[in-house]
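Q: Next comes the sequence, and after it the predicted model I'd like to discuss.
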Amino acid sequence: MSDALHPESAPVVALKRGQLVPDREAAIRAFSQQAFAEGALPAKTKQLIAVAIAHATQCPDCIRGHMRAALRAGATEQELLEAIWVGAEMRAGGSNAPASQAIDETAKAERSR
C-alpha cells in the first residue's frame with residue numbers, strides 16, 4: 001500500500017511493531033474483537049458508530065476499515081451515509097460549542113476598553 005497517507009514501508013513498519021511489542025498487538029486485537037462483538041448492540045450498529053467516529057476524527061484508515069466492516073455486517077449505503085452525517089454533526093458541534101467562549105472573550109475585551 002503506497003499512497004499519500006502511507007509510505008511504501010508501512011507494511012514493514014507494522015510487522016516490526018508487532019515483533020517489538022507482540023503482547024500489545026495481541027491485546028489491541030483482542031480488545032477490538034470484544035468491542036465489536038455482538039452484544040446489547042448488534043455488530044452492524046457498532047460498525048456504524050465506528051464509521052461516524054472515524055469521520056469525526058478524520059482517520060483515513062479507520063474510515064476504510066470500518067466502512068468495509070459495516071458493509072460486511074450488512075449496513076446499507078443509506079445507513080452509512082446517515083452515520084457519516086451524524087459524525088459530521090458531532091464534529092461541527094465541537095467547533096460551534098466553544099463559540100460562546102469566543103463571544104465571552106470579546107465581551108470582556110470590550111468592557112476593559
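A: Great, that's in hand.
Q: Kindly report the domain assignment for this protein.
A: Annotated domains of the chain cover 1-35, 40-111 [automatic domain parsing].
Q: Check the gap between residue 41 and residue 89 for me.
A: 20 Å (C-beta to C-beta, to the nearest Å). All C-beta spots, glycine's among them, are computed from the backbone N, C-alpha and C.
Q: and the most centrally placed residue in the chain, helix, strand or coil?
A: With distances taken as C-alpha atoms, centre = their mean, residue 54 lies nearest the centre of the chain, 2.2 Å away. What DSSP: H, G, I helix; E, B strand; the rest coil gives for residue 54 is helix.
Q: what's the next secondary structure element after the longest helix seen in the chain?
A: In terms of residue count, the longest helix belonging to the chain (DSSP state H) is helix 77-96. Sequence-wise, the next helix or strand downstream of helix 77-96 (DSSP states H and E) is helix 99-111.
Q: pLDDT on that following helix, on average?
A: For helix 99-111, mean pLDDT rounds to 87.
Q: pLDDT on the helix or strand containing residue 19, on average?
A: Element membership for residue 19 (DSSP H and E) is helix 10-20. Mean pLDDT, computed over helix 10-20, is 85.
Q: Show the pLDDT at residue 24.
A: pLDDT for residue 24: 91.
Q: Ok, the one 3 residues further on next?
A: Residue-level confidence at residue 27 comes out at 93, pLDDT.
Q: could you give the angle of the helix or strand harbouring it to helix 10-20?
A: Assigned by DSSP H and E, residue 27 falls within helix 22-35. Between helix 22-35 and helix 10-20, the angle comes out at 110 degrees (axes from the mean of the first three to the mean of the last three C-alpha atoms, to 10 degrees).
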